[in-house]
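Asks: this one's sequence-less:
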RNA sequence: GGCCCCGUGGUGCAACGGUUAGCACAUCGGCCCUUCAAGCCGGUAAUACGGGUUCGAUUCCCGUCGGGGCUACCA
């Protein structure tokens, strides 16, 4: 492909503007010349190689859609490791991959990176898949398990060994292990000299050692460059890169013979799966040069790399268990809607370019672009997440909401089958009445419990506040009788009965309204009283008032 | 410690060398009112600091400070 296609200023194809990526001085200098060359001869890849650029295609560009039409579409992957649940950072990475794939009409692949025998928990895979399904992130291929693809990694290592791009290392793992990252004390960090240039690099391979590790032989004396689709051009001198391990020795704590490390596994699979764009967390950015070297050594063209900024906790450190709920499933269990969660997540580190915040999934797909991804770490703000949930709870078509609320009620043991059948209309009406006051699905089974069962308690603060007046027992007894005698159970009839009683007694209607609300639903907060009476029905209203009377008398007598 | 990245209100984003620095969440006040939400109206609140470059810098460059990442036979 032609390098000029990647140049922001040459947006004559209608490329999305590249907002935050200054060109490197070198490319700034060469741009006019380069543009001409590209236009005339399309010699860009040669130019690139001459200048040490990695010839990768930058497909966040309308051109890639043309490529797609030719059957050379975008292929991305999400590659979690089953060492824990699906956390919000991973979910966001998955979401960005998915959005990019859908936007480009490409392929989204799921791969499980389970090459660490010590830390893997196979039973966690299902939880990760569940989390992705809940978020609606459907994958087109996979899940593939690296543990089932071991021969491929060994073969790749063999190939590298045979061409001298890798060597056998006979050192015990402990020699380089531990170090600073392991000990929290923080002492002696300054002593660590980390560039591993093992003596085995130049030694004759020993036949005595049956269980060597395989290390990559980093080509010294040059630099490795790549152009991150988010962070822009970067380079690192190879001398600063260690001879990282490709294949672990049998002595490794993490497993047995010939297990690949992340670097090898990811690269071999990404080549194998023809991944065109690697979209992953920014914590991988310093791995990227190593992997580019691996691609080259394996005679493959590196994909586009797009690193997305990290998600931080409120204290601006990396989000972790310390910060409370970090797993996607905990948000599901708390009563968040996947649509809301997805919308919120999408805005963590990405923006459409304008001030729009509410995105339907189709909008998200249509508007997503790697050039809109930020380089700044983002703090996870639960308050805003709740706001999004509230918005969706209120704006989603009722029919789409009902199943989620049914699930919530089932979970709480409150669900009655007739609400899905003969009383479906009542159920829909009740949900519609309740939802303006809800923020979470769980509000339906907690706060609004009295709408779905007679088994509920009277809120203490509500009793204290609204059942205090000593006239209440008498007034509510009379109200109950009047309501019971009502020929038509309508909003206006109830309204009239209550207000007339209040007027006759010379009290504010609000006194009766508030006291009645607590008697009916046990809460100080509920939908407008007469709407509430309507969905509850006459029997229940009268019954609940009678039931509450003794408690009201007790409270008002107490003063 | 070394290498690297990132700094716009408390939080998420916008401003692509020229705006009274915009939007949203949160927060505070008002309206509405049958409680609480919602809604509407309004307020407080930011370019980390210091140098350059420029007629002009949130924007480009350098330094300082702050935060983060990496520094594993983890991923």
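Replies: Sure thing, it's come through. Because the structure is a prediction, the values reported are computed rather than measured. Numbers count the residues shown, from 1 in each chain, chains lettered A, B, ... in the order given.
Asks: tell me the mean pLDDT over the lengthiest helix in chain A?
Replies: Using DSSP state H, we find that the single longest helix of chain A is helix A:538-558. Helix A:538-558 carries an average pLDDT of 92.
Asks: quick one: that helix to chain centroid distance?
Replies: 47 Å (CA atoms, centre = their mean, to the nearest Å).
Asks: Contacts for that helix, please.
Replies: A:454, A:458, A:463-464, A:467-473, A:476-477, A:479-480, A:483-484, A:486, A:489, A:515-516, A:518-520, A:533, A:536 (CB atoms under 8 Å, 6 or more residues apart in numbering). C-betas here are computed from N, CA, C, even on glycine.
Asks: which among these end up buried?
Replies: For the contacts of helix A:538-558, a burial check counting by 16 or more other CB atoms under 10 Å picks out A:458, A:463, A:467, A:469, A:472-473, A:476, A:479-480, A:483, A:515-516, A:518-520, A:533, A:536.
Asks: Out of the residues you listed, list just those in helices.
Replies: Counting by DSSP H, the part of the buried ones among the contacts of helix A:538-558 found in helices is A:463, A:472-473, A:476, A:479-480, A:483, A:515-516, A:518-520, A:533, A:536.
Asks: what residues does the stretch 301-450 of chain A put near RNA strand B?
Replies: Counting by CB under 7 Å from any atom of the strand, the residues of the stretch 301-450 of chain A close to RNA strand B are A:310, A:312, A:316-318, A:347-351, A:353-355, A:357, A:372, A:374-379, A:381, A:383-384, A:386-387, A:390, A:394, A:436-437.
Asks: from those, which ones fall inside strands?
Replies: A:312, A:378-379 (DSSP state E).
Asks: Put together CSV for those, with pLDDT on each row.
Replies: Formatted as CSV, those follow (pLDDT from 0 to 100):
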residue, pLDDT
A:312, 94
A:378, 95
A:379, 95
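Asks: what would these look like in a markdown table with neighbour count?
Replies: Converted to a markdown table, these look like this (neighbours: other CB atoms under 10 Å):
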| residue | neighbour count |
| --- | --- |
| A:312 | 18 |
| A:378 | 17 |
| A:379 | 12 |
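Asks: now those residues as JSON lines including distance to residue A:207?
Replies: Below are those laid out as JSON lines (distance: CB to CB, whole Å):
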{"residue": "A:312", "distance to residue A:207": "50"}
{"residue": "A:378", "distance to residue A:207": "53"}
{"residue": "A:379", "distance to residue A:207": "55"}
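Asks: Quick one: residues contacting residue A:166.
Replies: Listed by CB under 8 Å, 6+ apart, the contact set of residue A:166 reads A:157, A:160, A:214-217, A:246, A:297.
Asks: Could you report the neighbour count for the spatially closest residue to residue A:137 that is not a sequence neighbour?
Replies: Nearest residue to residue A:137, sequence neighbours excluded (CB to CB, 6 or more residues apart in numbering): residue A:98, at 4.5 Å. Neighbourhood size, residue A:98 [other CB atoms under 10 Å]: 26.
Asks: right, is the helix or strand in which residue A:98 is found up against RNA strand B?
Replies: Assigned by DSSP states H and E, residue A:98 belongs to helix A:88-103. No: Helix A:88-103 lies out of reach of RNA strand B by CB under 7 Å from any atom of the strand, never closer than 9.2 Å.
Asks: Contacts only, for residue A:213.
Replies: By CB under 8 Å, 6+ apart, the residues touching residue A:213 are A:168-169, A:171, A:173, A:245-249, A:252.
Asks: quick one, helices of the stretch 1-150 of chain A?
Replies: Applying DSSP state H, counting those that start in this stretch to the stretch 1-150 of chain A gives helices spanning A:25-41, A:44-50, A:62-69, A:88-103, A:124-134, A:150-162.
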